[in-house]
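Participant: When you get a sec, could you give me coordinates for this:
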Amino acid sequence: MSDRSRSRHARGSRRAPAARAARKRRVPLRYLLPSLLLVAMIAMLMLRGYVHSEIMADHRIQPEAATDKVPGKVLDGGPVIDTRGGQESSRSIADHKLVLTFDDGPDPEWTPKVLDVLKKHDAHAVFFVTGTMASRYPELVQRMVAEGHEVGLHTFNHPDLSYQSTKRIDWELSTNQLALEGAAGVRTSLFRPPYSSFADAMDDKSWPVTKYIGSRGYLTVVNNTDSEDWKRPGVDEIIRRATPHGGKGAIVLMHDSGGDRSQTVAALDRFLPGLQHEGYTFQNLTEALDMPSAHTPVTGVDLWKGKAWIYAVEASENITGVLVVGLAVIGVLVMSRFGLMLILSAAHARRVRRKGFAWGPPVTEPVSVLVPAYNEAKCIENTVRSLMLSEHPVEIIVIDDGSTDGTARIVENMRLPNVRVVRQHNAGKPAALNRGLANARYDLVVMMDGDTVFEPATVRELVQPFGDPRVGAVAGNAKVGNRDSLIGAWQHIEYVMGFNLDRRMYDLLRCMPTIPGAVGAFRRSALDRIGGMSDDTLAEDTDVTMALHRDGWRVVYAEKARAWTEAPESVQQLWSQRYRWSYGTMQAIWKHRRAVIDRGPSGRFGRVGLPLVSLFMVLAPLLAPLIDVFLLYGVVFGPTEKTVVAWLGVLAIQAVCAAYAFRLDKEKMTHLISLPLQQLLYRQLMYVVLLQSWITALTGGRLRWQKLRRTGALGSAPGTLPQQRTTPVSGDRRPVA
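Facilitator: Just a heads-up that it's a prediction; the model follows:
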C-alpha cells in the first residue's frame, strides 16, 4: 500500500468512528417530535397570554403627584405636547376644527360600527390602538389606514408608564409599532399615554415619561374635551360633554373598545352631522395642525418582521382555540366516562352479586392453563406453584419461548403432576400461545403471564361464565402485587379504577376491548374459528378480543377471578410496557376498522365498541394533559382561584370514582393518598407514551417487543402459603427480539 493510500485509509478510519458517534447522538424522531411539540405549544400559549395582557400585565395606576417639575407652558398649553429634540412646547387645535380620538381599540364589534359612522359622514379621526388589540384584529387597523384615518400608539399592554423602566417603555412602544407595521404597513409618530387626560393633569411622575417618549421621536397627544363615554351616561350627555364651547377647536376623547360602546356609536351618528352643520370639520391630527402625515410606510425587513408577528399571533390564537376545544372535548369525555363507569359498574355489580346469579350450569370440566415464558426464572416457580393450589382441575403447560436463563429447566426440576414444558425457539408471545393451544387437551383454556400468581379460586371463577354457551372469552381481575412503591401504588390505582371499572362498563355494553394477558380464559373452539392468536399487532390480547366480538362471541368480566401480577418498578420499564400497549391498541383498532361498516355482530362492535375504545383509550388520554396545561397556565397567569377550584373539582370526581372502584374490589383506601400526585405526574408520562405511539404509527416506525425486567418479589397470592425458590437462576435478561 502506498503512503497516499495509507494516509487516506487512516483518515477514513478516524472519520468512521466519528460518523458512528454522530449517528448514535442523533435524537430519535419519537423523542424529538414530542419535545418540539411541547416547546411550540408553550410558546404559543405564552404569546397568546402576552397578547391578551395575561403575561407582563401591570394594572397599577399612579396617584396624583406634585407638578412643580412640569413647565408651566405645558400645564397651561394645548393637548399636543412636543418634546422631540429636547424642546418643550405644546400646540392647540384651531377654532371650528375637531380631532376625534378613539382609545383602546380596535374592537371586533364596535370599531367597525365607529368606522361606518365616520365614513357615512365623511369624517376622519385618530385611533390610538393598543398592541394587544391591533395584533389580534389587524384587518381593522388596515381599514383605518385605508379609509384615511390616522393611527397612534397607546402602548402594547396598556400599563401606567410612570411605573415602568425605560426598557419596558421601549418594549411597549416597539411591540406596539411592530403590530402596526404588520397590520397596516406603516409606522406612526403619534402617542397617547394610558390613563392620560388633560395637559394640566401632567405631574412630576408622568412628565419624565413624556420627555423620554419625545426623545424616541413621538408626539404626545392628550385631550382637552372628554366625552366620558366609558361611563355610559346616555347619548345626550355624551354629545353635550364632547361639544366644545364658543366654536373652539378641540381634541375629543372617545373609546371604541373596552366594553359596550353602543351609546358612543349612537352619539357619534348625531354628533357629527350636528357640528358639521355648525361649521366644524373633523380632521386627522396632522391635518388639523398643518403638519406632515404621522404615517411612514415601512418596507423590506421591517415589513416582514411585522407580518411575521401578526402571523404568529394569529397562529397562537388559532392553536389556543384548538386547545380550548380540546379541553372542552376532554372535559366531556372525562365526565361521560366517569358517569358511564359509575352507573354501569354499579349495575354490573348488582347483577353478578345478586343472590342466585349464575351464568349457567356450573362448569366443572378440566381446564388447560397456558403459561408463555421467556426468561422468567425469577418468577416461574411461584407462578406454577400458585396454579398447583387451584381448586379447579387443571393441566399446566409452560411454553418456554427460547429462554436463556433456565426457565424450562426450573419447571422440569419441580417434577409436579399435570405440569408439562413445551420448548420452542424464540418466536414471541403469540406463537408461544398458539404452540400451547396445539398441545392443550381441553376445550377451555386459561392464559396467564409468567410473572403472575393465581389465587386457589381464580381458575374456577374464571371459567364459570362458560356455562353460557354464547360466552367465548372471559376477562379476569388483574391486580398489582408489588404496590408498596410509589410507582406501584399509582399502577394499583390505575388497575382498580381504570381497568376494572372499565371492564364492568364494557361488559354491560357488550364490547369488552381487551382480555388481560395476565388472567384470561377462552373457548378453544372460539379461538380456532378466528385463527388463534395473531402476531399482527403488539397487543395480541386486544387483537384477539376484538376478533372474538366480530365473530359473534360474548366477552365478559369475572370480578372474583383475581390474579396478582408484577407491575413495572421503574419509569423506564413502565414506559416500555405502556408504549407497547398503546401502540398495539392503535394497531388493533386499525386492523379491525372495517367492522364499522360490517353487519351483524361485527358491525355492532364496530359502531359501538371501536368508537368507545378510540375515545376513551386513545383520544381521552392524549387530550387529558390539557387539563394540567391550563391548570399551570391559570395558576401562573390567572385567574388563579377559579383555575385551582376547577382542577380540584375534576380531582374530586376522580377521587369519588376511585373510592367507589376500591370499594367494589374491597381494597384499602389508603393507596388513594397518592391520587393527586398520580394525576400530576403519572398522567403526563402516559401522555408522552401515547404521543410517541401516535408518532411511531404516523411515521411508519416499528416497535420491538420490550421484555420487562422481573424481580420475583411477588411470591404468592394473598391468603396462600408462600413458596420458597430452591432452584438457582441465571441473571441473563435479554429482551425478546
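Participant: can you give me the strands in the stretch 201-350 of the chain?
Facilitator: For the stretch 201-350 of the chain, the strands defined by DSSP state E, counting those that start in this stretch occupy 219-221, 225-226, 250-255, 281-282, 295-297.
Participant: now those as JSON lines including mean pLDDT?
Facilitator: Output for the strands of the stretch 201-350 of the chain, formatted as JSON lines (pLDDT from 0 to 100):
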{"stretch": "strand 219-221", "mean pLDDT": "97"}
{"stretch": "strand 225-226", "mean pLDDT": "96"}
{"stretch": "strand 250-255", "mean pLDDT": "97"}
{"stretch": "strand 281-282", "mean pLDDT": "96"}
{"stretch": "strand 295-297", "mean pLDDT": "97"}
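Participant: Does Arg529 touch Asp551 like I think?
Facilitator: Yes. Using CB atoms under 8 Å, Arg529 is in contact with Asp551, at 5.7 Å. For glycine as for every other residue, the C-beta is placed from the backbone atoms N, C-alpha and C.
Participant: tell me the contacts of Glu461?
Facilitator: Gly476, Ala558, Lys560, Ala561, Arg562 (CB atoms under 8 Å, 6 or more residues apart in numbering).
Participant: hmm, try it at 6 Å
Facilitator: By CB atoms under 6 Å, 6 or more residues apart in numbering, Glu461 lies in contact with Ala558, Lys560, Ala561.
Participant: got a winner among those for most neighbours?
Facilitator: Within the contacts of Glu461, most neighbours by other CB atoms under 10 Å means Ala561, with 26 neighbours.
Participant: Pretty sure that one sits against Leu462.
Facilitator: Yes. Using CB atoms under 6 Å, Ala561 is in contact with Leu462, at 3.8 Å.
Participant: Quick check: longest strand in the chain by residues?
Facilitator: For the chain, the longest strand by residue count, based on DSSP state E, is strand 554-565.
Participant: what's the span of stretch 670-680, first residue to last?
Facilitator: 18 Å (CA to CA, to the nearest Å).
Participant: That should have said stretch 94-112, apologies.
Facilitator: 29 Å.
Participant: for it, the distance to its chain's centre please.
Facilitator: 41 Å (CA atoms, centre = their mean, to the nearest Å).
Participant: Give the buried residues for that stretch.
Facilitator: Neighbour-count burial for stretch 94-112, counted by 16 or more other CB atoms under 10 Å, picks out 97-107, 110-112.
Participant: Quick one: residues in contact with stretch 298-313.
Facilitator: Under the contact criterion CB under 6 Å, 6+ apart, stretch 298-313 has outside partners Val51, Ser135, Pro138, Leu178, Glu181, Gly182, Gly185, Arg187.
Participant: Burial check on the first one, number of neighbours?
Facilitator: What it means is Val51. Per other CB under 10 Å, the neighbour tally for Val51 reads 25.
Participant: got it, and the second one?
Facilitator: As a burial measure, the neighbour count of Ser135 was computed by other CB under 10 Å and equals 30.
Participant: Name the SS class of Arg423, please.
Facilitator: Of the three states, Arg423 takes strand under DSSP: H, G, I helix; E, B strand; the rest coil.
Participant: Spatially nearest residue to it, not counting backbone neighbours?
Facilitator: Asp400 (4.8 Å; CB to CB, 6 or more residues apart in numbering).
Participant: ranges for the helices of the stretch 601-737 of the chain?
Facilitator: 610-613, 620-623, 625-637, 640-664, 675-677, 683-698 (DSSP state H, counting those that start in this stretch).
Participant: So which of the ones you listed is nearest Glu376?
Facilitator: Nearest to Glu376, of all the helices of the stretch 601-737 of the chain, is helix 683-698, at 24.2 Å by CB to CB.
Participant: Flag every buried residue along that closest one.
Facilitator: Arg683, Met686, Tyr687, Val688, Val689, Leu690, Leu691, Gln692, Ser693, Trp694, Ile695, Thr696.
Participant: just so I have it, where are all the helices in the stretch 1-150 of the chain?
Facilitator: Here the stretch 1-150 of the chain has its helices, by DSSP H, counting those that start in this stretch, at 3-25, 29-51, 72-75, 110-120, 131-136, 138-146.
Participant: What residues of stretch 648-659 count as buried?
Facilitator: By neighbour count on 16+ other CB under 10 Å, the buried set for stretch 648-659 is Val650, Gln654, Ala655, Cys657, Ala658.
Participant: Adding pLDDT and distance to Thr130, write the residues you listed out as CSV.
Facilitator: Converted to CSV, these look like this (pLDDT from 0 to 100; distance: CB to CB, whole Å):
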residue, pLDDT, distance to Thr130
Val650, 80, 35
Gln654, 83, 41
Ala655, 88, 43
Cys657, 86, 45
Ala658, 87, 47
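Participant: quick one: stretch 195-202 to chain centroid distance?
Facilitator: For stretch 195-202, the separation from the chain centroid amounts to 47 Å (computed by CA atoms, centre = their mean).
Participant: Now do the buried residues in that stretch.
Facilitator: Buried residues in stretch 195-202, counted by 16+ other CB under 10 Å: Ser196, Phe198, Ala199, Met202.
Participant: Can you tell me which of those residues is nearest Ser345?
Facilitator: Ser345 lies nearest to Ser196 out of these, by CB to CB, at 63.3 Å.
Participant: Could you tell me which helix of this protein is the longest one?
Facilitator: With DSSP state H setting the assignment, residue counts place helix 300-353 as the longest helix in the chain.
Participant: okay, the angle between it and helix 640-664?
Facilitator: Relative orientation of helix 300-353 versus helix 640-664 (axes from the mean of the first three to the mean of the last three CA atoms, to 10 degrees): 30 degrees.
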